[in-house]
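Q: Next one to model:
(4 chains)
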There are 2 protein chains.
Amino acid sequence: MANPERSTELLWGSRTRGGLSLDRIVRTAVELADAEGLGAVSMRRLADRLGFTTMALYRHVPGKAVLVALMYDAALAGWGAVPGPDPETSTDTGPGSDATPGPDANPGSGAGSVTSPDPGADWRADLAAWARGGLDVHRRHPWLADAEDPRRVPGPNAVAAFERALEITARTGLPPAEVVAAASLVSGVVAGAAQRSAAEARAERGSGVGFEEWWGRRDSLYAHLDRYPTLSRLYREGAYDAPPDSFDYGLERTLDGIEARIRDVVRYEKACEVCGRPVADGPAGRPRAYCSAACRQRAYRHRRRTEA
Amino acid sequence: MANPERSTELLWGSRTRGGLSLDRIVRTAVELADAEGLGAVSMRRLADRLGFTTMALYRHVPGKAVLVALMYDAALAGWGAVPGPDPETSTDTGPGSDATPGPDANPGSGAGSVTSPDPGADWRADLAAWARGGLDVHRRHPWLADAEDPRRVPGPNAVAAFERALEITARTGLPPAEVVAAASLVSGVVAGAAQRSAAEARAERGSGVGFEEWWGRRDSLYAHLDRYPTLSRLYREGAYDAPPDSFDYGLERTLDGIEARIRDVVRYEKACEVCGRPVADGPAGRPRAYCSAACRQRAYRHRRRTEA
DNA sequence: AATGGCATGTCTACAGCGTACACATCGGGT
DNA sequence: ACCCGATGTGTACGCTGTAGACATGCCATT
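A: Numbering: from 1, shown residues only, chains lettered A, B, ... in the order given. Next up, the predicted model:
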C-alpha cells in the first residue's frame, strides 16, 4: 500500500461513500431519467454521475436492459397502494425503500372491510382514482412509457399496482376473464395517455416551443386542409377551441363502456341449479334457472321422485 | 473520362437504373422496416440496399427524422379510403403510387349518398371497421408504432385516415369537440393495440420464443404471486385460460362508452324555439323547449298576441 | 500468518449509429 | 469556354453498449 492518501481515506473516510451498489445505481439512474429522459441514461453518463468508470456498473448489473427493468419497477412503487386517509403519501422513490406495502395487508377481499361495507360500491370511482394515480406516476417519471416491454418480468411494484386494479374491477361482478380484460384496458388507457404526454413533453423540451405555439405556426399545413370537408367543418364549428382533456375523456368513456358491459353481462353470473355451469339469461323474458333442456328435465324428474 | 466501364454503363445501361430518388429511398426504407423493423433502417444499411453510399441519401433527404416521417405517411396510404364494394383493395405501398383517394371524392357529407340513405346509421359498425382497418395497416407495418411523434406534421394519408374517422363519428350527432375527442380516442385504441402487438412481435422475433411458451417458463415468477389474493383467485378461476382478444374487447368497450355518451348528450343538441341557442335538458323531467325564462316569457307573449 | 480465490473497479478496444465536411464528377445555362 | 449547382464518394467525429484483459483489496482456507 504505497499510497497514503488511499490509506487515510479508508481509515478516516465516511464508510458508506465507497461502494457502488445496485440500489445507488438504480436510484441515480431514475433521477437521471426523471431529469433528462431515458435517452440520457447511458452507461457512461450514469457512471460519471456516480463517480465511477463505465465498466464498474457491469459489476452490479448484467447489462442495460436489466438496469431499465429495475428502474421501471422502482418507479412504480406506491401505485398499488390503497389510498387510505393516512397523511403519509409521498413514499415513492428508490428500489431500496421497500415502498411496496405487502399485498397481504389486503383491502378486504375476504372478510368485510370496515371502511367500505358494501363490496361492489364505487368500483368506478376507485378505478378512476387508480388510473389517475397511474398517470401521476407516469408524469413523475415520463420515461416510463419508453421503458415498456411486453416480455419484461414484472417486479413487485408492478404486480402490486395490477393487483389493486384487479381488486377494484373484481367488485363489478364481471366474470374472471373480463375482470382481467377490463383492468388491462384501463391500464392501457393510462399507458397511452402517459405515452402521449411524455412524447409531447420531450418534444417541447427538445424544440423549446410549446404545443400551442408550435401548432399555431403550421399555416402551410392548414392551407392544405380545406380539401377535407368534415375536418374543416368541425374546425369551423369550434371543435378545436376548447378540446376536452383527452385522458379524462378516454377514461370516462372507457368506464362508461365497462359499466354498459356490466349491465349486459352480470346476469350471466348465475350457476345452473343442476350442473353448476354458468347460465346465460336470454335478452328478455323470465330468467333461466337451467343451462339446458337436459338439466331442466333432470331437475323435473328429481323433483317428481322426491315429492312422491 | 478515363474510365471506359463508366462510359459503357452510361451508353448501354438501363436508363432508369441510375438515379437515386426520394421515392425509391422511401419505398426501400419501408420495405426494409417491414422486413426487419424500424431499428434495422440505418442510413448505412438503407444505402447499401440501394447500391449507393451512405451519404448519397443526404442529397435527397435532409436527415433521418424526415425520412421516417415520409415512411410513416407512405405506410398509411389507403386507411382513409371508404371501403366501398369495389374488388380492388390492395393499393397500399409506396409514396409514389398516389393511393390517397382524394378526399373530395367524399362519402356523402353534403347531399344524401345513395348507398346509405340514413345519415346516422351504423356509425358504430363503420367506426369499428375503420379501427380494424387501422390495425391491419399497423400489422402490415409493425414499425409504425415506433415512428409515432406528436410533433410530426401529418401527411395527406394520415389526414385522410383521420378525416374518415371524423366523418363517421360526426354522424353520432355529438357536439364538434366531442366528435374529435371520440375519433381520437378510437384512434388511440388502435395505436395502443398496434404498439402492444408490434412490441410482442419484435420480442418474439428477438427471442425466438412464442408468447405462450415464454410466459409458461416463468415459474420462478409465479412462485411469488401467491401473495396477491385477487390475482391468484382470478387465476384459479380460469381468468387466463381463454382471454378475450384485447383489441376487440377494448374497441367494443370504447364504442359502448361512446354510445352511452350519445344517450347522455345528444338531447343537448336542441335549439331554443325562440333564440336558436342550444338548450340543455335537465337530468330528468320534461324536456325543455326554451333556453331561459326570458325566452319562455317571450314565446308566451307572442302566442297570446297571435291568438287574440 | 500466508495464500488462493472472488468481488470490485479500471482501461482499452470494437462495432454500430447519425451526420458534418471536403472532394470528384457530370449536365446545362450563361 | 466557363462556371455553377446537383449528385455521389470517402473520411472522420462523437456518441452508443459492452467484451476482454488487467489491477486491487478483502475473506476464507490452509
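
Q: how big is the angle separating the lengthiest helix in chain A from helix B:176-207?
A: Looking across chain A with DSSP state H, the single longest helix is helix A:176-207. Counting by axes from the mean of the first three to the mean of the last three C-alpha atoms, to 10 degrees, helix A:176-207 points 100 degrees away from the direction of helix B:176-207.

Q: What residues sit buried inside helix A:176-207?
A: For helix A:176-207, the neighbour count (16 or more other C-beta atoms under 10 Å in any protein chain shown) marks A:176-200, A:202-204 as buried. The C-beta positions use only the backbone N, C-alpha and C, and glycine is treated the same way.

Q: Same check on stretch A:64-73?
A: A:67-73.

Q: Just the ones of the residues you listed in helices?
A: For the buried residues of stretch A:64-73, the ones inside helices are A:67-73, with DSSP H as the criterion.

Q: Which of the residues you listed sits closest to DNA strand C?
A: residue A:67 (14.0 Å; C-beta to the nearest atom of the strand).

Q: How many residues are close by residue A:218?
A: 13 (other C-beta atoms under 10 Å in any protein chain shown).

Q: Do I have it right that it meets residue B:152?
A: No. Between residue A:218 and residue B:152 there is no contact under C-beta atoms under 8 Å: 10.9 Å.

Q: ok, back up a step: other SSEs contacting the longest helix of chain A?
A: helix A:123-140, helix A:156-170, helix A:211-216, helix A:246-265, helix B:176-207, helix B:229-236, helix B:246-265 (3 or more C-beta pairs under 8 Å, 6 or more residues apart in numbering or on different chains; DSSP states H and E).

Q: Need the ones you listed in JSON lines (columns: distance to DNA strand D).
A: Output for the helices and strands packed on helix A:176-207, formatted as JSON lines (distance: least, C-beta to the nearest atom of the strand, whole Å):
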{"stretch": "helix A:123-140", "distance to DNA strand D": "22"}
{"stretch": "helix A:156-170", "distance to DNA strand D": "22"}
{"stretch": "helix A:211-216", "distance to DNA strand D": "26"}
{"stretch": "helix A:246-265", "distance to DNA strand D": "31"}
{"stretch": "helix B:176-207", "distance to DNA strand D": "13"}
{"stretch": "helix B:229-236", "distance to DNA strand D": "31"}
{"stretch": "helix B:246-265", "distance to DNA strand D": "30"}
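
Q: Out of those, which is the most enclosed?
A: Comparing these by mean neighbour count (mean count of other C-beta atoms under 10 Å in any protein chain shown), helix A:156-170 ranks first with a mean of 24.

Q: how about the CA coordinates for it, as PDB?
A: Written as PDB, here are the backbone C-alpha positions of helix A:156-170 (Å, rounded to 0.1, in the frame of the first residue of the first chain):
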ATOM      1  CA  PRO A 156     -43.300  -6.400  -7.000                       C
ATOM      2  CA  ASN A 157     -44.400  -2.900  -7.600                       C
ATOM      3  CA  ALA A 158     -45.900  -3.600 -11.000                       C
ATOM      4  CA  VAL A 159     -47.700  -6.600  -9.700                       C
ATOM      5  CA  ALA A 160     -49.000  -4.700  -6.700                       C
ATOM      6  CA  ALA A 161     -50.400  -2.000  -9.000                       C
ATOM      7  CA  PHE A 162     -52.100  -4.500 -11.200                       C
ATOM      8  CA  GLU A 163     -53.400  -6.400  -8.200                       C
ATOM      9  CA  ARG A 164     -55.000  -3.200  -6.900                       C
ATOM     10  CA  ALA A 165     -56.700  -2.700 -10.300                       C
ATOM     11  CA  LEU A 166     -58.000  -6.300 -10.300                       C
ATOM     12  CA  GLU A 167     -59.300  -6.000  -6.800                       C
ATOM     13  CA  ILE A 168     -61.300  -2.900  -7.800                       C
ATOM     14  CA  THR A 169     -62.500  -4.400 -11.000                       C
ATOM     15  CA  ALA A 170     -63.400  -7.700  -9.500                       C
END
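
Q: pLDDT on that helix, on average?
A: Mean pLDDT, helix A:156-170: 96.
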